[in-house]
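Colleague: how would this look folded up:
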Amino acid sequence: MIFSRPIDDRYFEDYQPGAVHRFGSVLVEEDEVIAFAKRYDPQDFHTDPEAARNTIFGGLIASGWHTAGLMMRMYAEHYLTKVASLASPGVDELRWIKPVRPGDTLSVRVTVLDAVPSRSKPDRGVITSFIEVLNQADDVVLSMRAVNMVGRRNPGGAS
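Modeller: Reported below is the predicted structural model:
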């Protein structure tokens with residue numbers, strides 16, 4: 001599905017429950033996998049290709065946190081509004097389902113689960129989304145639920 005409005009004119013009203021959006025493409029590069037892991041997640045299966053061969057993964061894999069960062073970049077560039085995103089109180093149910101390897105190409109699929117106007121602040125609403133990161137074989141490698149506060153186009157409530 002494609003949003004009816006561009007990202008720089010997208011508001012709460014444009015996130016329709018049940019809509020599924022697919023976007024993005026990023027190549028996972030070995031040097032970035034290693035550099036990220038050396039700084040933030042220094043485990044052999046993320047930092048050392050030779051040592052990684054002797055792990056349960058049989059080779060180098062990206063840190064799940066690196067995968068989440070790649071997802072966030074695509075999510076911000078393609079899904080979140082550029083004019084009405086007000087922040088997020090958090091995510092739930094973050095799962096690393098399959099290893100991500102150098103050479104994989106990742107994309108994102110987001111399902112709008114719910115969009116609820118705020119009762120106390122009529123200028124915004126809360127959107128709950130189910131996010132899946134897919135590899136080039138369309139295997140889900142990461143999933144999570146995210147909550148985002150988004151400004152309304154028509155704060156009085158009319159769509």
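
Colleague: ok, now how distant is Glu77 from Ile131?
Modeller: The spacing between Glu77 and Ile131, counted by CB to CB, to the nearest Å, is 14 Å. Backbone N, C-alpha and C define where each C-beta goes, glycine included.

Colleague: tell me which of those two has more neighbours.
Modeller: Ile131 (22 against 14; other CB atoms under 10 Å).

Colleague: next structured bit after the helix or strand the more buried one falls within?
Modeller: Per DSSP states H and E: Ile131 is located in strand 124-134. Next helix or strand after strand 124-134 toward the C-terminus (DSSP H and E): strand 140-151.

Colleague: ok, back up a step: what residues does the strand holding Ile131 touch?
Modeller: With contacts defined as CB atoms under 8 Å, 6 or more residues apart in numbering, strand 124-134 is touched by 12, 15, 67, 70-71, 75, 79, 86, 106-118, 140-152.

Colleague: for PyMOL, what selects the buried ones among those residues?
Modeller: In PyMOL, this line selects whichever of the contacts of strand 124-134 come out buried by 16 or more other CB atoms under 10 Å:
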select buried, resi 12+15+67+70+71+75+79+106+107+108+109+110+111+112+113+115+141+142+143+144+146+147+148+149+150+151+152
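
Colleague: quick check: mean pLDDT across stretch 2-15?
Modeller: Mean pLDDT, stretch 2-15: 94.

Colleague: nope, stretch 37-55 is what I meant
Modeller: Stretch 37-55 comes out at a mean pLDDT of 98.

Colleague: end to end on that stretch, go ahead and measure it.
Modeller: 16 Å (CA to CA, to the nearest Å).

Colleague: give me the contacts around that stretch.
Modeller: 30, 33-34, 36, 56-66.

Colleague: residues of it that come out buried?
Modeller: 37, 41, 44-48, 52.

Colleague: then stretch 76-88?
Modeller: Neighbour-count burial for stretch 76-88 [16+ other CB under 10 Å]: 78-81, 84-85.

Colleague: circling back: parallel or antiparallel, list what pairs with the strand holding Ile131.
Modeller: strand 105-117 (antiparallel), strand 140-151 (antiparallel) (DSSP bridges).
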